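Student: Turn this into a structure:
(3 chains)
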Amino acid sequence: MEKAKINASQLFVLVVLYEMGSAILVGMGAGAGQDAWISILLGMTAGVLLFFVYYCLFLYYPDLPFTSYIQKITGKWIGRLIAILYIVYFIYGASRILRDFGELLTTTIYTSTPLFVINTLMILTIVYAIHKGFEVIARVGEIYFAVIYILAIGGFSLILFSGLIHFENILPILENGWKPVIKTFLRETFTFPFGEMIVFTMVLPFLNEPKKVKMACIGGILLSGINIAITAVINIASLGTDLFVRSNFPLLTTIGKIQLANFIERLDVLFMLYLVIGGFFKIAIYYYAAVAGAADIFNFKNQRKLGFPIGVLVLFSSVTIASSYAEHIREGLDVVTIYLHWPFQIIIPCMLLILAFFRNRKKKSSPS
Amino acid sequence: MSILSNILKKKQKKRQNDNFRQMQDPGKPDELPIHRDYKDNIARIKEEYGNSTDISYREFKFCGSRGIAVYIDGLASNTLISDFFMETVTEEVREMVTDSFQQMIDFTAGLGNVESITNWNEVHDAILVGNTVFFLDGFQKALSVETKGWEKRAISEPSTQLSIQGPKDSFTETLRTNTAQIRRRIKSPNLWIESMKLGTVTQTDIAIMYIKGIANEKIIGEVKERLNRINIDGVQASGFLEQLFEDQTWTPFPTTHHSERPDVITSHLLEGRIALVVDGTPFVVTVPALFIQFFQAPDDYYARFDISTSIRLLRILAFFIALIGPAAYIAGTTFHQEMIPTTMAIAIAAQRENVPFPAFFEALIMEVTFEILREAGLRLPRAVGQAVSIVGALVIGQAAVQAGFVSPVMVIVVSITAIANFSTPVFTMAIAARLIRFIMMGLATILGFYGIMLGIMFMTIHLCSLRSFGVPYMMPIAPFNIRNQQDVFIRFPIWAMKNRPMFISKGNVVRTGENQKPGPPKQDEDQSSQGDS
Amino acid sequence: MKRYLLLTIYVFFLLPSLTACWNQKELTDLAFVMAIGIDKGKNQKFDVSWQLVNPGNVSSGQTGGGQGLPIAVYKSSGDTITEAARRATKKISRRLYYAHTNLVVISEGVAKTDLLDIVDALDRDPEFRTTTEMVIARGTSAENLVSALTNLDKLPVSKITKEIKSTQNMLGENMSVNVDDFISGIISSGKEPILNGYLLMGKKEQAQKAENLQSTKSDAYLEANGLAIFKNGKLKGWIENNNARGAIWILNKVKSTDINVEWNGKKDAISMASIRTKTKVSVNFKNGKPVIHIRIEDEGWISEANTAIDLTNPKVIEKLDKLVEKEIKRQIVNAVKAAQKKKSDIFGFGERVHRADPKLWNKLKRNWNEQFARLEVNVEVDSYIRREGIRTIPFWSTMNK
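Tutor: Numbers count the residues shown, from 1 in each chain, chains lettered A, B, ... in the order given. Prediction:
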């Protein structure tokens, strides 16, 4: 494991950037129509509860990353197998986000540029960051956290002053009852992005004050959840439910509608700025988790050596996982949520926690 | 990059051994004792210095024994020595019969610091720094008398780092004058100066200055260690030193700070930094240097805080313009035409209608032309420099536009970028922006704003990975430290700048006393309210 | 690591050589499409006219600028918009660039039949902006409208878009409607879209010639005129003048306007200019049927008084207030009636009902337009005259003495 040390505020910033990452870009919870924000907030609440599972696991093994304590809990060989599955899951997660990100650029601004090129440049930047280590990623995170907030406040006031917000678009609340909201919550908002906190189990041991893990992570989840919900509300309020549901990237459409003083308009680049920052952190953290996990399992002393090969893997799988954007999204909603997110984010950690509970009780009781 | 460095390392290793021997030869002779016969001594000096013409010898008679004074003409003060012989060594003294060596010490004490030396090493050291060495016949030792007195440049106004409200003096090429200027500003015994010599041939004096109790001991140790590691024939200027002991070579960003202003160095010392004065350069180096430090101009502290804050923000904005100005132009006109307001897009399109080059080459040509002009302007004699700038302005501003080679917008972009670049207070940082600008232009040509953003991302990662003497380069920003924000983007009022920067000064961080906020006297308020009632 | 770095550097230096075919496009290779005119085609479904800007002739300051005509119009046809656009490249040397398109003109013929077939092309393309203004060419072809030259604004497009905005702000008979608004009107079951009509007045054949710009009084000019009402995505008819203003008033888009009232038997004696006005639409339910309440608050000043009247008397002002209220109410009611006659809910009353009672709405949704035609609408106006300009009593009062 790398010898990195980060402080609580850096962890908090990373959690926020990671959770918001791509969630703000895509139409989160579109299945719930104008009640998307409710399902996002539900997702957030469930995400906090889920985090307590990870946190309890962390409390049992505060010095070890996830891939290490799996082996302690379930035994060496089964543990390794699960850990390798997790590494593959992380790599897949990174390449999914990279694909999302590349697709966004190729459908909106770089229409005739190959996806591969866009992704390559992005992954090169991330490889460089991974090469520099986790501390550097955390520091970069602090800078861009401020940048994102300035952007968000600027963008929000522009939307406000252009008179785009019509809050009546959010009404009627719960038109079709709770059913679609709950459905979207279970299928989308719970696992993406809030369940993805599982990645942070790989980096929690880096924190210099383990006591503050709870504060930093839960604070991060809450802040990002509220931000995502606000974004959803703004999108719906300015686009209307219908356009919100029909848009690939509702935020882009909202920003495209900004028209101020006949001069400030067509601000897609502002959106792209956010996109690069958000995408960067989300991919970087997934990717870092994969690298750290692989180094841990295969006993690499210098995990920098793993950075480039895994980066290439992420790059190629990002291009090959789906043949079209529609397929990519369909996979994400139907296959990934049920067969990947649920088991990896929720079921396995819960089972591990139960096992760890019994194991540690035995340990405690045996010497006495 | 690392490939290059590896190659360099290998070559260095190969050469190191033979080089080292060569360097050793002229610099350090043996530690042989001084001859008893003074004529042998002269012969030896003449042999070793190859009859160099700037070495002066004065034979004299003192207390009955003959002797000779050796010094370097120009380094030692001629008048001082002449006066000594004219006034002190009178007829009477010459014939005195006593212990002539002890007598000599007493007499020469009037000249300056006197030292008795016994071997040749010391003889050379003394002569080369401008001291006079007195050999007396029949003694196996000699006297080194401090008679330094070479021509010095007077203290003048700073020429590169100007300030409006600040003090007007600057460092000179003489180490002692420089340390004295700092000492005069910090009248505290805690200002410690340690000296060492660098350069196997040049034997350049270097002074390490810091305030004991404020500066971080760890960093002082690190500085000394790095200085001791340096093994090179000569250190001509502080720039050499900076390159020899900085943390990372493969970066365009400076990780050491230098200034020719004593007030700047003083404030750096007060913040706990370590200053290095190199003899022969009017620039004093301070470490550790942080990114934001290069945007802090001395005037920031002399003007009121609201004004200096806004000017500092302006400076940071200018840095960004200098960084991505032309790149943004390229991206805007070749990728993101939708971003430009319609009328402006049409105006730019009209201007570019007859320009034969694609935007990237147009920008590149103009930028390179400007850089050449700037470089030429620096090197040319002052009288010609004017002419060049006029020609340059005419060529760029007028003829090129009229001939239709470049569009007027491009000229505007290039000039704004150039002017913005000049507003960075420290040259080493400004030049980094100049270099990165070209990379940004390339990225903008490949992928427009996406390219630029990735470039900035790359740059940020790089900046965050840098360290200056163990202190993270982006220090109060990343890692973020709320207590140290008083001198970053916003310069707090002086009374509110309570803390010294973290990591740089350990332990002793509080600068100001309690309740420093100025205001009208409180008693008056009471009185006036009483008067009203 | 070395090898990877080498590879990275290699890839990086290789990239610029590949970029030529990507999204890079020099400004000089672009033809800025300022307006698109869509007509019914003879052989194919659509005839599309592309109004391109000629940059050198628009921007002043350049040597030789401003000599020729600011725009050029090309025409191509196709069964879809994309087909027409691609075919146009046979006639145009540069790449058509839509990001600065500010206007889409649709002929009445297309609006009555195939309007829906062009909307998705506008909506889907990432380059084309959905904030683009949409208008209907009235009584002339879209091509003629797109090719007309104007003399105050060099770009005819900015004349039209600015004109609509200034009318909306000063008179309130037209309002800015962009592609987005239009689409959301089409989709919504509780709202129908409206579009502005545009007329080409004067000698139509003169409109596209440079001479049109040479005289102070243009032989042909463009004029905003009327609001087009749609139903099921097809043009159903027009509402004009005061009715149009009433409609826009209900939509709460009127910023300022003028109202004339009768005083002492003299028609249009007093003119009030509104400076602030606000419309609130609410829904009540009576016997399970929705009833719409429109409440308008209006403030203004007297901009003209062409009769003897004591404007210093608050009672007179109060009386005037009542008269103005009555007049506004009349206009609003007429507008509602006009729309009900066409059975097209351009005011979005349906959406109000939807928000107020989603369950009832599910029942009404299917034939809402029929319901709309029989909807009970109450109008309530509160108007206040706040001041009367820089004269108190008009000269009429003293003249008659």
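
Student: use CA for all of it now, contacts and neighbours both
Tutor: Will do.

Student: what's the pLDDT at residue C:345?
Tutor: Here the pLDDT value assigned to residue C:345 is 84.

Student: Over to residue B:340?
Tutor: The predicted local confidence for residue B:340 comes out at a pLDDT of 85.

Student: One more: residue C:326?
Tutor: 88.

Student: how much space is there between it and chain B?
Tutor: From residue C:326 across to chain B, the span is 44 Å (CA to the nearest CA, to the nearest Å).

Student: what does residue C:317 give?
Tutor: Taking CA to the nearest CA as the measure, residue C:317 falls 47 Å from chain B.

Student: Quick check: that residue touching residue C:302?
Tutor: No: because the distance of 9.8 Å does not satisfy CA atoms under 8 Å, residue C:317 is recorded as not touching residue C:302.

Student: Could you look up the SS state of the residue of chain B with the smallest separation from chain A?
Tutor: Using CA to the nearest CA, the single residue of chain B nearest to chain A is residue B:478, 4.8 Å away. Here residue B:478 is coil, with the state taken from DSSP: H, G, I helix; E, B strand; the rest coil.

Student: Tell me which other helices or strands the strand or helix carrying residue C:352 touches.
Tutor: Taking DSSP states H and E as the criterion, residue C:352 maps to helix C:349-356. Counting contacts by 3 or more CA pairs under 8 Å, 6 or more residues apart in numbering or on different chains; DSSP states H and E, the secondary-structure elements packed against helix C:349-356 are strand C:266-286, helix C:358-364.

Student: Tell me which of residue C:317 and residue C:302 has more neighbours.
Tutor: For residue C:317 against residue C:302, the residue with the higher neighbour count under other CA atoms under 10 Å in any protein chain shown is residue C:302, and the figures read 23 against 20.

Student: List the strands paired with the strand or helix carrying that one, with their directions.
Tutor: Secondary-structure assignment from DSSP H and E places residue C:302 in strand C:289-305. Partner strands for strand C:289-305, per DSSP bridges, with pairing direction: strand C:266-286 (antiparallel), strand C:376-387 (parallel).

Student: Point me to the residue of the stretch 101-250 of chain C nearest chain A.
Tutor: Distances from the stretch 101-250 of chain C to chain A, computed as CA to the nearest CA, single out residue C:126 as the nearest residue at 5.4 Å.

Student: these two touch, right, that residue and residue A:106?
Tutor: No: with contacts counted by CA under 8 Å, residue C:126 stays clear of residue A:106, the gap being 10.1 Å.

Student: give me the number of residues near residue 250?
Tutor: No chain was given, so I picked chain A. Residue A:250 is flanked by 26 other residues according to other CA under 10 Å.

Student: looking at chain B here, not the other one
Tutor: By the measure other CA under 10 Å, the count of residues near residue B:250 is 10.

Student: now swap in the one 3 residues further on and tell me
Tutor: Neighbour count for residue B:253, taken as other CA under 10 Å: 20.

Student: element containing it?
Tutor: Using DSSP H and E, residue B:253 falls within no helix or strand.

Student: In terms of pLDDT, where does the nearest residue in space to it that is not next to it in sequence sit?
Tutor: Spatially, and ignoring its direct neighbours in sequence, residue B:253 is nearest to residue B:432 (5.7 Å; CA to CA, 6 or more residues apart in numbering or on different chains). pLDDT recorded at residue B:432 is 91.

Student: in which helix or strand would I find residue B:432?
Tutor: Using DSSP H and E, residue B:432 falls within helix B:427-465.

Student: Go ahead and measure how far that helix is from the middle of the chain.
Tutor: When distances are taken as CA atoms, centre = their mean, to the nearest Å, helix B:427-465 is centred 26 Å away from the chain's centroid.

Student: Which SSE is immediately downstream of it?
Tutor: Per DSSP H and E, the first helix or strand lying C-terminal to helix B:427-465 is strand B:467-468.

Student: What lies in contact with that following strand?
Tutor: The contact list for strand B:467-468, computed with CA atoms under 8 Å, 6 or more residues apart in numbering or on different chains, reads B:246-247, B:255-256, B:287-290, B:473.

Student: Are the helix or strand following it and chain A in contact anywhere?
Tutor: The element immediately downstream of strand B:467-468 (helix or strand, assigned by DSSP H and E) is strand B:471-472. No: in terms of CA under 8 Å from any CA of the partner chain, no part of strand B:471-472 sits within range of chain A; the closest distance is 9.5 Å.

Student: Give the pairing partners of strand B:471-472; include direction for each.
Tutor: The partner list of strand B:471-472 in its sheet, established with DSSP bridges, is strand B:467-468 (antiparallel).

Student: The strand it pairs with - what's its average pLDDT?
Tutor: When pLDDT is averaged over strand B:467-468, the result is 90.

Student: wait, isn't residue C:141 in contact with residue C:39?
Tutor: Yes: when contacts are counted by CA under 8 Å, residue C:141 is listed as touching residue C:39 (6.5 Å).

Student: So what's the residue count around residue 111?
Tutor: Since you didn't name a chain, this refers to chain A. In terms of burial, residue A:111 registers 16 neighbours under the definition other CA under 10 Å.

Student: that answer is for a different chain, and I need it for chain B
Tutor: Using other CA under 10 Å, residue B:111 has 14 other residues around it.

Student: Now do the helices in the stretch 301-450 of chain B.
Tutor: Remark: helices of the stretch 301-450 of chain B, listed N- to C-terminal, are B:305-334, B:342-352, B:359-379, B:382-393, B:400-403, B:408-422, B:427-465; assignment by DSSP state H, counting those that start in this stretch.

Student: can you list the ones you listed in a markdown table and add mean neighbour count?
Tutor: Output for these, formatted as a markdown table (neighbours: other CA atoms under 10 Å in any protein chain shown):
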| stretch | mean neighbour count |
| --- | --- |
| helix B:305-334 | 21 |
| helix B:342-352 | 22 |
| helix B:359-379 | 17 |
| helix B:382-393 | 13 |
| helix B:400-403 | 15 |
| helix B:408-422 | 19 |
| helix B:427-465 | 21 |
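
Student: and those, which one's lowest on average pLDDT?
Tutor: Across these, the lowest-scoring stretch is helix B:382-393, with a mean of 77.

Student: That one to helix B:359-379, inter-axis angle?
Tutor: 170 degrees (axes from the mean of the first three to the mean of the last three CA atoms, to 10 degrees).

Student: Columns mean pLDDT, distance to residue B:118 and mean neighbour count on top of the strands paired with strand C:289-305, output as CSV?
Tutor: Shown next, in CSV, are those (pLDDT from 0 to 100; distance: least, CA to CA, whole Å; neighbours: other CA atoms under 10 Å in any protein chain shown):
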stretch, mean pLDDT, distance to residue B:118, mean neighbour count
strand C:266-286, 86, 102, 17
strand C:376-387, 87, 107, 18
